[in-house]
Structures are given as C-alpha cells and as structure tokens.
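K.L.:
Below are the sequence and a predicted model for it; my questions follow.
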Amino acid sequence: MKDVYVLGGAQTDFSRNWSKENKGVLALLKEVSDDLFKNTILDEEDVIKLNKENRIALFIGNFAAEYYINQGHLGPLMTEVNPCFYGVPSARYEAACASSSVALDAAITKIKANDYDVAIVIGWELMKTVNSKLCADYLGRASLYDVEAKNISFPFPKLFGHLAEETIKKYNLDEKRYYENLATISANNYKNAKRNPYAQTRNWFMDKNQANCRGSKTNENVGALNISDCSQITDGAVCVLLANENFINSKNKNIYDYPIVKGYGHRVAPFVFEHKINESKDNDYILPWTRQACLDAYNKAGMSVDDIDVFETHDCFTSSEYMAISAFGITKPGKEYEAIENKIIDFDGKKPINPSGGLIGCGHPVGATGARMFLDLYKQVTNQAGKYQIKNAKNGMMLNLGGTATTNYCFIIGMKE
C-alpha cells in the first residue's frame with residue numbers, strides 16, 4: 001500500500017459569525033478552497049488536469065446542514081464555488097462530530113488503493129444560524145434522538161455530565177478533586193487558544209478559578225458540568241490536501257518535506273450512553289472502544305504513546321478530554337488526574353494535549369472538527385504552528401469522537417523517515 005502524504009490545507013477563522021456577515025455556505029466554501037490553493041502546491045489547473053485523468057476527488061464532511069441551513073446533497077456544492085470542480089467526483093460523509101474524520105478515512109483509503117493521486121477533504125458546519133437551544137436540539141441527533149435527546153434541553157451537556165458522574169463512580173475518585181481537574185483542562189484550553197490566530201476564544205478570558213465556580217444558576221442547562229466545561233457553537237470550514245508520491249513528484253517537490261499518515265483507528269461503541277456504561281462495567285476503561293481505536297492506530301503505525309510528541313483530542317466537554325488521557329495511554333485508567341496535576345498534558349508538558357485550544361478554545365464546527373485536528377497535527381510536525389508550536393514535534397496523534405464517543409476515530413501523522 002502506498003504512503004499517503006499530507007500537503008497542508010486551510011482553515012477559516014472560527015471566531016466569525018457568517019450569518020451576521022450576511023454570508024452563506026458558498027462564501028464559506030469559496031474562502032477556504034481559495035486559501036487551500038494559496039497555501040499548498042495544488043492549483044486550479046492541477047484540479048482540471050487531474051480530473052481529466054480521473055485522478056482527483058472531493059470528500060465533504062458535514063453533520064447537519066439539512067437542519068442548520070436547509071441544504072442536503074452537499075457533494076456538488078463545490079461546483080457552485082469554482083468551475084474547476086466541474087466533473088470532480090464528490091460526496092458527503094457523516095458521522096456526527098466525526099464527520100470529517102470519516103471523509104479523511106475515505107480519502108486516505110482511495111489514495112492507498114491507487115484510485116486517485118489527490119484528495120481534497122473539506123469539513124464544515126454553519127451553526128450560528130439558529131439560537132443555542134435549537135442548536136442543542138439539532139446536535140441531539142448525534143445521540144439516539146428519541147431515547148436520549150427528544151424534548152430534553154441541551155441533551156449533550158447532560159450526557160457528558162453523566163460521563164463525569166460515571167467516571168467518579170467507576171474509579172472511586174474524590175468528587176471535588178475531579179471537578180478541579182476538569183477546571184484545569186478548561187483553563188488550559190482557553191490559555192492555549194490565545195496562541196492560535198484562528199481560535200474562537202482567543203480574545204476571551206477564562207482561568208481555573210472561574211472554571212471551578214460550580215453550583216451557580218448558569219449550570220442548570222448543563223447538569224454536572226459548568227458552561228466553561230463545554231465546547232463552543234462555531235461556524236467554520238477546514239480543507240486538507242492529501243496526495244500520493246506521483247503528484248508530489250509531478251510538482252518537482254521532495255516527498256520528505258511532507259508528513260505521511262502513519263496509522264489510524266476506527267471503532268464504534270453501543271449507541272445509547274447507558275448501554276456503553278453497562279457494557280464497560282467489567283472493563284478497566286470506561287469507554288473501551290475509544291481505547292481500542294487508539295490501540296489500533298498505534299498498532300498500524302508500529303508505535304506507542306512514547307513515540308507521540310503532541311496530541312489533539314475531542315474535548316467537546318472537559319469530561320471527554322479527561323477520559324482521553326488514559327485512552328491515549330498517557331496514564332492508566334483511573335489515574336488521569338496524575339497527568340493533569342503533574343502538568344504532563346500542559347503546553348510545556350511531556351505529552352501536550354490541544355496546543356490549538358481544542359474544541360473548547362479553538363471552537364467546534366462539528367463537521368469540520370476532525371479535519372481541523374488533522375490540519376493542526378500537520379502544522380505541528382512540519383513546524384508551522386506559529387505561537388502554539390510544540391518544540392521538536394515529529395509525530396502527532398488525534399482522537400475525534402462522534403456522539404457520546406459512539407464513533408471513535410484516531411489518526412497518527414508524522415514525518416517520513
């Protein structure tokens with residue numbers, strides 16, 4: 001199987017509200033695709049030439065455009081953005097918040113199979129078209145809606161609050177200490193976001209004291225969690241360019257200048273959250289399917305946690321980042337607090353998590369999140385992350401979740417040796 005190279009990409013500013021700018025999906029997609037051409041070795045003429053040879057395709061990740069903007073059939077949208085995409089094979093991929101990871105998986109597989117030389121992956125979501133309560137209801141479709149979300153205000157904060165409660169119970173944790181750890185996770189992600197010029201909260205303020213103010217009326221919609229434990233409602237798009245060696249050579253570029261996809265993992269857990277908890281009661285891991293996706297990625301890459309220099313994880317809520325620490329193998333399950341309290345996962349720690357700011361700090365346009373993590377890993381391992389660059393990062397790993405960790409995707413990318 002051939003190597004799949006990551007050639008860069010583009011991201012919109014996640015702090016923007018496209019509805020307030022009186023702009024829609026075509027403007028969003030035009031901006032991010034134009035930036036892809038500016039930022040990478042691919043240009044419009046390449047697209048036209050590769051399409052004539054049937055060597056390029058588009059892979060679109062999106063969760064709920066039918067609800068947010070009343071639009072389905074998303075693959076052909078790019079033909080309305082730029083005529084260079086006329087005729088290019090294109091389709092939409094969906095797996096809730098892991099939608100663009102499914103798109104990445106499909107694109108990587110097609111290149112490995114030598115079906116295409118080049119793949120453009122575009123993840124996007126426009127979420128600020130509706131109020132927060134309706135937005136939360138739409139997001140409830142990422143759970144088993146009739147069972148876990150219908151007629152429930154803000155279902156996902158409650159579900160991940162339940163993960164927090166079950167984590168405390170499973171590992172017999174001190175409740176106060178656990179929630180202080182969650183406050184540290186929140187504060188870290190807000191702090192990291194200040195380094196990221198694309199982050200939604202880069203001009204916001206949050207510290208551990210604020211994040212740890214629990215029990216106020218602001219919590220009534222989010223159960224056991226604080227609002228500071230929650231990721232953001234975000235508009236945004238991300239493009240990622242993938243290619244094989246043939247295309248890089250055709251552009252007279254050195255393949256060793258680009259990272260490759262070294263490993264991946266994809267596992268699906270029981271849909272209903274209660275079924276997850278019941279099934280995992282005798283397992284060391286509260287979400288063993290998430291752990292297995294990480295192990296699968298390590299095994300395919302021939303690597304372990306010791307080989308990873310930087311992590312991007314799905315902190316849709318602080319309770320999910322807490323869980324991810326042991327899923328990655330940074331600590332044993334039930335000992336995640338050690339990595340938090342000993343600053344192992346801090347920006348300057350041994351195993352930094354979310355130097356971008358993560359979903360809490362950077363933002364969470366659900367259909368774009370997997371591609372955003374992937375692009376940030378590319379920036380890290382090519383030393384292009386600017387102020388949020390992790391020193392000497394050679395290999396990076398990401399964990400992207402769909403629903404209540406129902407769909408679990410991991411990717412490892414790093415420089416070719």
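P.N.:
Yes, it's here.

K.L.:
Low-confidence stretches in the stretch 151-300 of the chain?
P.N.:
215-223 (pLDDT under 70).

K.L.:
Okay, and the residue nearest to G87 when sequence neighbours are not counted sits in which element?
P.N.:
By the measure of C-beta to C-beta, 6 or more residues apart in numbering, the closest residue to G87 outside its immediate chain neighbours is N51, 5.5 Å from it. For the C-beta atoms, the positions are set from N, CA and C on the backbone; glycine is no exception. Under the criterion of DSSP states H and E, N51 resides in helix 44-52.

K.L.:
Now do that helix: which elements does it pack against?
P.N.:
Applying 3 or more C-beta pairs under 8 Å, 6 or more residues apart in numbering; DSSP states H and E, we find helix 44-52 packed against strand 56-61.

K.L.:
Contact partners for L163?
P.N.:
Applying C-beta atoms under 8 Å, 6 or more residues apart in numbering to L163 gives the contacts 273, 286, 317, 319-320, 323, 404.

K.L.:
farthest-separated two in those?
P.N.:
Of all pairs drawn from the contacts of L163, the one with the largest separation by C-beta to C-beta is I286 and F317; the distance is 13.9 Å.

K.L.:
Mind jotting down where the helices sit in the stretch 151-300 of the chain?
P.N.:
155-171, 175-193, 208-211, 245-250, 273-279, 288-301 (DSSP state H, counting those that start in this stretch).

K.L.:
neighbours around I168, how many?
P.N.:
When neighbours are defined as other C-beta atoms under 10 Å, I168 has 17 of them.

K.L.:
Pretty sure it sits against R177.
P.N.:
No: counting by C-beta atoms under 8 Å, I168 does not reach R177; the two are 9.5 Å apart.

K.L.:
As CSV, could you dump the C-alpha coordinates of stretch 69-88?
P.N.:
Taking only C-alpha atoms (Å, rounded to 0.1, in the frame of the first residue of the first chain), the coordinates of stretch 69-88 have been written out as CSV:
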residue,chain,number,x,y,z
ILE,A,69,-29.1,25.8,6.5
ASN,A,70,-31.9,23.6,4.9
GLN,A,71,-29.5,22.1,2.5
GLY,A,72,-28.8,18.5,1.6
HIS,A,73,-26.9,16.9,-1.3
LEU,A,74,-23.7,18.6,-0.3
GLY,A,75,-21.1,17.0,-2.6
PRO,A,76,-22.0,19.1,-5.6
LEU,A,77,-21.8,22.4,-3.8
MET,A,78,-18.2,22.9,-4.8
THR,A,79,-19.3,23.2,-8.4
GLU,A,80,-21.0,26.4,-7.4
VAL,A,81,-17.9,27.7,-5.7
ASN,A,82,-15.4,27.2,-8.5
PRO,A,83,-15.9,25.8,-12.1
CYS,A,84,-12.6,24.0,-11.8
PHE,A,85,-14.5,21.4,-9.8
TYR,A,86,-17.0,20.6,-12.6
GLY,A,87,-17.0,16.9,-13.0
VAL,A,88,-14.8,16.1,-10.0
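
K.L.:
Next, the residues that contact that stretch from outside, please.
P.N.:
Among residues not part of stretch 69-88, those counted as contacts by C-beta under 8 Å, 6+ apart are 24-26, 29-30, 33-34, 44-45, 47-48, 51, 56-58, 60, 62, 65-66, 90-92, 122, 126, 129.

K.L.:
buried subset of these?
P.N.:
25, 29-30, 33, 47-48, 51, 56-58, 60, 62, 65, 90, 92, 122, 126, 129 (16 or more other C-beta atoms under 10 Å).

K.L.:
List the contacts of the closest residue to D257 other than its chain neighbours.
P.N.:
Nearest-residue entry for D257: T382, 8.0 Å, with adjacent residues in sequence omitted and distances by C-beta to C-beta, 6+ apart. Applying C-beta under 8 Å, 6+ apart, one finds that T382 lies in contact with 8, 257-259, 415.

K.L.:
make it 10 Å
P.N.:
6, 8, 257-259, 389, 393-394, 413, 415 (C-beta atoms under 10 Å, 6 or more residues apart in numbering).
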